[in-house]
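Sequence and predicted model, in that order:
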Amino acid sequence: MKISFAPPYIDQAVINEVMDTLTSGWITTGPKVAALEQQMKQLTASDAAICVNSWTSGAILMLKWFGVKAGDEVIIPAYTYCATALSVLHCGATPVIVDVDDECCISATAVAKAITPKTKAIIAVDIAGWPCDYEQLKTIINTPETKKLFVPESPKQQLLGRILLISDAAHSIGATINELPAAKYSDVSIFSFHAVKNVTTAEGGCICINLPANFNAADEYKYLKLYTLNGQTKDAFTKSNGGGWKYDILFMGLKINMPDICAAIGLGQLKNYDAQLLPMRKRVAAIYCDSFKAMDWFIEPALKNEQRESSYHLFALRIKGITEAQRDQIIDMIMAEGIMANVHFTPLPMLTLFKDLGYEISQYSSAYALYANEISLPIYPQLTDEQIDFIITTVINSVNAVLEVCKEPAKVEL
């Protein structure tokens, strides 16, 4: 049996939206992008939503919008995809990498210790769809001591008057905190619509802002939209609809807009997300947990507690007491049966770029321990009961086989 890791969900609703775009004669940024932004604004209960061509572009944009530059510091977790750190580096700033807690969220204790007068932002990462404790992080950045350390050097920094809290929500569309969209709990949430995500536009992302009341959301939306189109005052869709050809360039923006042909895929998926797609993911996670809980090696992933609930983007299986090499062996056995598995993620200090910058994995013991025993299993709406059963049986057999070999006494040759 062949089981893909994360195929995109393409049904007739998605096909209809894409065909509508193709036959409309307009495929770049236009009405579909505007409609997707409106749906994201509603889904996340945010003040504004701005679609871009990737999560990475969105993060670079928001750091630049806030005035992050060379000499500044941005605190990020060791356990994340490289884009979190690359967005900081692309702004010329320094990623201050800290360890994570036992739920794979950025450690609030480590964050508090890492804050300096150079700190301009914190990017917390919702790994696998599990939202970080943003209430605790906000408490830290709003203490008088922390605010006193903050040195504003741009108009946006002066207006905010404290460290900017960004949610790397690449995995967490649909996640909740206190039964509200998790995006409500950070200043900025940036979502990914990459092909493997819960909602996809093939490639793309969306910035959702929930800034304090002294920011005007409509003005920020207008400014950020200009920023995604090179700082140009008039986009192509406006000009094509009688807006005239004349335009101006107000500032040095970026070219990171999302086209309508991509937005159409996301629109088709979002229509059924809350009612159908997200519950189907949750169902798969529940079956996995029910099946694995009898195994004494099973470490149940954080999916739901009294305050927070995941978006069920990944099922991060963790196996008690195994080494990184044993984890790799188990994955090889699973994949030999036709099941695609993955690992999320290799901690940043283990990657060549960051090792060359001086980061050492020995300083991030929690991140390494979580990485070493993690296997990401397929979890998506299209999985059939037969496929789920096959995955569960294969995983149990593979883990037990590796653990059983570990128990065997070493042979002594005479």
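Okay, I see it.

Buried residues in the helix or strand bottoming out on mean pLDDT in the chain, which are they?
Using mean pLDDT, DSSP states H and E, helix 236-238 stands out as the lowest-scoring helix or strand of the chain, at a mean of 73. For helix 236-238, burial by neighbour count (16 or more other C-beta atoms under 10 Å) applies to 236, 237. C-betas here are computed from N, CA, C, even on glycine.

Next secondary structure element downstream of it?
Sequence-wise, the next helix or strand downstream of helix 236-238 (DSSP states H and E) is helix 260-270.

Show residues contacting that following helix.
Helix 260-270 is contacted from outside by 8-11, 13-18, 20-22, 24, 26-33, 35-36, 39-40, 43, 51, 53, 193, 199-204, 277, using C-beta atoms under 8 Å, 6 or more residues apart in numbering.

Filter these down to just the buried residues.
Buried among the contacts of helix 260-270 (16+ other C-beta under 10 Å): 8-9, 13-14, 17-18, 21, 26-33, 35-36, 39-40, 43, 51, 53, 193, 199-201, 203-204, 277.

Please flag which of those residues sit within strands.
residue 51 (DSSP state E).

List the ones among the buried ones among the contacts of helix 260-270 that fall in helices.
13-14, 17-18, 21, 31-33, 35-36, 39-40, 43 (DSSP state H).

would you turn the residues you listed into JSON lines with distance to residue 307 and pLDDT?
Shown next, in JSON lines, are these (distance: C-beta to C-beta, whole Å; pLDDT from 0 to 100):
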{"residue": "13", "distance to residue 307": "33", "pLDDT": "96"}
{"residue": "14", "distance to residue 307": "33", "pLDDT": "97"}
{"residue": "17", "distance to residue 307": "35", "pLDDT": "98"}
{"residue": "18", "distance to residue 307": "38", "pLDDT": "98"}
{"residue": "21", "distance to residue 307": "39", "pLDDT": "98"}
{"residue": "31", "distance to residue 307": "38", "pLDDT": "97"}
{"residue": "32", "distance to residue 307": "35", "pLDDT": "98"}
{"residue": "33", "distance to residue 307": "33", "pLDDT": "98"}
{"residue": "35", "distance to residue 307": "32", "pLDDT": "98"}
{"residue": "36", "distance to residue 307": "29", "pLDDT": "98"}
{"residue": "39", "distance to residue 307": "26", "pLDDT": "98"}
{"residue": "40", "distance to residue 307": "23", "pLDDT": "98"}
{"residue": "43", "distance to residue 307": "20", "pLDDT": "98"}
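
so where is this protein shaky, pLDDT-wise?
Along the chain, the parts satisfying pLDDT under 70 run over 239, 406-414.

pull the longest strand from it.
strand 119-125.

How far does stretch 271-280 sit from its chain's centre?
The chain centre lies 19 Å from the centre of stretch 271-280; the measure is C-alpha atoms, centre = their mean, to the nearest Å.

Buried residues in it, which are they?
Using 16+ other C-beta under 10 Å as the test for burial, stretch 271-280 gives 271, 272, 273, 277, 278, 280.

Equivalent analysis for stretch 203-214, please.
Buried-residue list, stretch 203-214, by 16+ other C-beta under 10 Å: 203, 204, 205, 206, 207, 208, 209, 210, 211.

same deal with stretch 234-254?
Buried, per 16+ other C-beta under 10 Å, within stretch 234-254: 235, 236, 237, 247, 253, 254.

Farthest-apart pair in those, please.
Taking C-beta to C-beta, the two most distant members of those are 237 and 254; they sit 18.3 Å apart.

and the one helix or strand residue 397 maps to, what does it pack onto?
Using DSSP H and E, residue 397 maps to helix 385-407. Counting contacts by 3 or more C-beta pairs under 8 Å, 6 or more residues apart in numbering; DSSP states H and E, helix 385-407 is packed against helix 278-292, helix 324-336, strand 374-377.
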